[in-house]
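> Sequence first, predicted model second:
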Amino acid sequence: MNINLSGKTALITGAAGQLGRVMSRTLASCGADIAVCYYSSGEMAEKLVNEIKSMGCRAAAFQADITKEKSVNLLRDKIRDELGDPDIVVNNAVIQYKWKPVLDQNLDDFQSQFDSCVMQNVLTAKAFLPAMIKRGRGKFIGINTECSAQCGANTGAYASAKRGMDGLYRVLAREVAANGINVNQVAPG
């Protein structure tokens, strides 16, 4: 990829997962320093940090529960202290669960999907967008899914949460565009 991100810092939530690792490596190959956010895959996160450092970029791993305000605010403070305020935030983390028909799906699965798909983005917006607004620039990106449009059987909790995320991003884009911030979604697949 031929984009110069030298001097920029990117935060990727869910960075230790398969898609998160690809995004982290790609942004680092463009010169960005990477804040690798993970929940439980600390070993994989540290391997990724070492790989990014070998590419000549700064990187650090940060454990956080992206569904909890206190944890996201602590994440913000730690990243600020170690790498500086992110210029790019990629909200990629999502809670995994077994897909079932709506009538059989546990209510906790609906809540966890709402927390990881909608509230993650609300919390990271509140934590990281103020610094972007102050600088007058930034990228706030959400990883969505084609499932939110397809609404296939057995995807009720996931599709409904991702549709909620879509609505949030559309509103947020209108609210912060005048501050030089690009808000967008990507649906791999």
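Right, received. Where do you want to start? Numbers count the residues shown, from 1 in each chain.
> what pLDDT does Met1 get?
With respect to pLDDT, Met1 scores 56.
> three-state assignment of Cys37?
strand (DSSP: H, G, I helix; E, B strand; the rest coil).
> my guess is it contacts Phe62, does it?
Yes: using Cβ atoms under 8 Å, Cys37 is in contact with Phe62, at 5.2 Å. The way it works is simple: take the backbone N, C-alpha and C, and place the C-beta from them, glycine included.
> When these two are compared, which one has more neighbours?
Cys37 (30 against 21; other Cβ atoms under 10 Å).
> Please name the nearest non-neighbouring residue to the more buried one.
With Cβ to Cβ, 6 or more residues apart in numbering as the criterion, Cys37 has its nearest non-adjacent residue at 4.5 Å, and that residue is Thr13.
> next one: Gly31
For Gly31, the spatially nearest residue (Cβ to Cβ, 6+ apart) is Ser6, at 3.7 Å.
> And Met165, by the same measure?
Per Cβ to Cβ, 6+ apart, closest to Met165 is Cys117, 4.6 Å.
> give me the low-pLDDT residue ranges for this structure?
1 (pLDDT under 70).
> now the strands for it?
9-12, 33-38, 59-63, 88-91, 138-143, 181-186 (DSSP state E).
> mind listing what the third one pairs with, with the direction of each?
Strands that pair with strand 59-63, judged by DSSP bridges, come out as strand 33-38 (parallel).
> how far out from the middle of the chain is the strand it pairs with?
Remark: strand 33-38 is offset 10 Å from the chain centroid, using Cα atoms, centre = their mean, to the nearest Å.
> what does stretch 2-9 give?
18 Å.
> Need the overlap of contacts for Cys37 and Phe62.
Leu75 (Cβ atoms under 8 Å, 6 or more residues apart in numbering).
> hey, where'd the helices end up in this protein?
Using DSSP state H, the helices of the chain run over 18-29, 42-54, 69-82, 107-114, 120-135, 147-150, 156-176.
> Figure out which of those is closest to Ala187.
helix 147-150 (7.5 Å; Cβ to Cβ).
> Let me see the contact set for Asp33.
Here Asp33 is in contact with 8-10, 57-59, 83-84 (criterion: Cβ under 8 Å, 6+ apart).
> Quick check: the gap between it and Gly42.
Distance of Asp33 to Gly42, computed by Cβ to Cβ, to the nearest Å: 20 Å.
> now Gly84
Taking Cβ to Cβ, one finds Gly84 at 23 Å from Gly42.
> In terms of neighbours, single out the busier of these two.
Gly84 (15 against 12).
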